[in-house]
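Novice: Whatever this is, show me its structure:
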Amino acid sequence: MDDLKIACTLIGEHAHNIDKKGRIIIPVTFREVYNNELIVSKGLDGCLTIYTIPQWQVLMEQVSKLPNTKKETRLYKRNLASKASRCELDVQGRILIPASLVAVAGLEKECFIVGTGSTVEIWSKENWLAYNDEHSDDFETVAETLTEFLI
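Specialist: Residues are numbered from 1 along each chain as shown. Below is the predicted model of the structure:
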């Protein structure tokens, strides 16, 4: 699937529950992007990020170019790769998130699955609502500062 189709597909926010085993439904609209297999890893801002296999491969290639002599590189690589898991969609469209990642994101019963245009994020309900509440007034300011990158 090309990047433009992905960007038009991975949008919106969806409320879903995670069960006690760590299974969560991936919204139907997102499933076609993943071809039944995906990578879930520790994300930024307290969420998990879902990547397609090709996206993950590109990310790992880019990360491998960072200098290992820098402490920040080692920290980033360790956190990104060690907190990653290859997952398959089951017949009901669910993935099984490892307990370690469930803990990292503080996932409990109610969650939000959020499309960012290029990836999907999984948030605990509490973290998602708090994030939105904290940053709701920042959208226009951030848009103005990023305009130069959009041209």
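
Novice: Leaving out sequence neighbours, find the closest residue to the residue most central in space within the chain.
Specialist: Taking CA atoms, centre = their mean as the criterion, T49 is the residue nearest the geometric centre of the chain, at 1.6 Å. Ranked by CB to CB, 6 or more residues apart in numbering and with sequence neighbours excluded, the top spatial neighbour of T49 is G43, at 3.6 Å. C-beta: built from backbone N, CA, C; applies to glycine.

Novice: And for K109?
Specialist: N17 (5.3 Å).

Novice: if we can go back for a sec, quick one: the residue nearest to the centre of the chain and V120 touch, right?
Specialist: Yes. Using CB atoms under 8 Å, T49 is in contact with V120, at 7.3 Å.

Novice: Would you state the strands of the chain in chain order?
Specialist: Remark: strands assigned in the chain by DSSP state E are 11-17, 23-25, 37-42, 48-51, 84-88, 94-96, 110-116, 120-124.

Novice: Mean pLDDT and distance to D138 for those - can I get that in CSV?
Specialist: What follows is the strands of the chain, written out as CSV (pLDDT from 0 to 100; distance: least, CB to CB, whole Å):
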stretch, mean pLDDT, distance to D138
strand 11-17, 94, 17
strand 23-25, 97, 28
strand 37-42, 96, 23
strand 48-51, 97, 20
strand 84-88, 96, 29
strand 94-96, 97, 31
strand 110-116, 96, 16
strand 120-124, 97, 17
